[in-house]
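**Student:** My questions are about this predicted structure, shown below with the sequence.
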Amino acid sequence: MSETKSAFLTIRDAAERLQVTPRTLKYYEERGLVTPSRSEGRYRLYSEQDLELFARILRLRSLGFSLQGIVEMLKRPMETQSEGGSGYSASSLREIEQALAQQIESVDARIAAVRRELKEAQAVRSELASDLDYLRRRIAGESKEVLLRERLAARKQRKAQSAGDADA
């Protein structure tokens, strides 16, 4: 009995470990993404393999993949060394290759979008930090004229640097 307890987690414990709600786990089960074991009392029991699968699903969701897309990705299991027989046919392997290549392209596109968003957020942060610095210095009693000249000079320097980066 202690082996069962250590090998499996209840829905509450699994949800806590994955930092989601139990309802999220039930929803993914309803969608056919994972099938937990059941206790004699019909309680859901999650293995480490189930938790790894959930973690992958959650990562894919956080990257913007739809549940339908995730279902399609998970339909294509990879061969294992322990499988008997000849494994996948050549055409099946090509289909899996194409599907994985498309998934990688999708993730690469998401990475590029996140990088653009990060660059934009950094630019906004820089502008806000400059505004905050200006206000703090004004509150401290520095001359408005001196501060405005400094801001204008800094703006010209940024434009010149941007122009130089564009030429490179």
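**Tutor:** Great, that's in hand.

**Student:** When you work out contacts or count neighbours from here on, use the C-alpha atoms and nothing else.
**Tutor:** Will do.

**Student:** just the strands in the protein please.
**Tutor:** For the chain, the strands defined by DSSP state E occupy 37-38, 44-45.

**Student:** Serialize the ones you listed to a markdown table and add fields for distance to Ala129.
**Tutor:** What follows is the strands of the chain, written out as a markdown table (distance: least, Cα to Cα, whole Å):
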| stretch | distance to Ala129 |
| --- | --- |
| strand 37-38 | 53 |
| strand 44-45 | 50 |
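
**Student:** Identify, out of these, the most deeply packed stretch.
**Tutor:** Among these, strand 44-45 has the highest mean neighbour count (mean count of other Cα atoms under 10 Å), at a mean of 20.

**Student:** how far does that one sit from the chain's center?
**Tutor:** 26 Å (Cα atoms, centre = their mean, to the nearest Å).

**Student:** Show me what it is packed against.
**Tutor:** On a contact count with 3 or more Cα pairs under 8 Å, 6 or more residues apart in numbering; DSSP states H and E, strand 44-45 meets strand 37-38.

**Student:** which other helices and strands contact the lengthiest helix in the chain?
**Tutor:** Longest helix in the chain, counting residues (DSSP state H): helix 90-139. When contacts are defined as 3+ Cα pairs under 8 Å, 6+ apart, helix 90-139 packs onto helix 144-167.

**Student:** and the angle for the helix it packs on with helix 90-139?
**Tutor:** Angle, helix 144-167 to helix 90-139, by axes from the mean of the first three to the mean of the last three Cα atoms, to 10 degrees: 160 degrees.

**Student:** Now render the strands of the chain as TSV, adding mean pLDDT and distance to Glu30.
**Tutor:** Listed next are the strands of the chain as TSV, based on pLDDT from 0 to 100; distance: least, Cα to Cα, whole Å:
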stretch	mean pLDDT	distance to Glu30
strand 37-38	90	14
strand 44-45	92	13
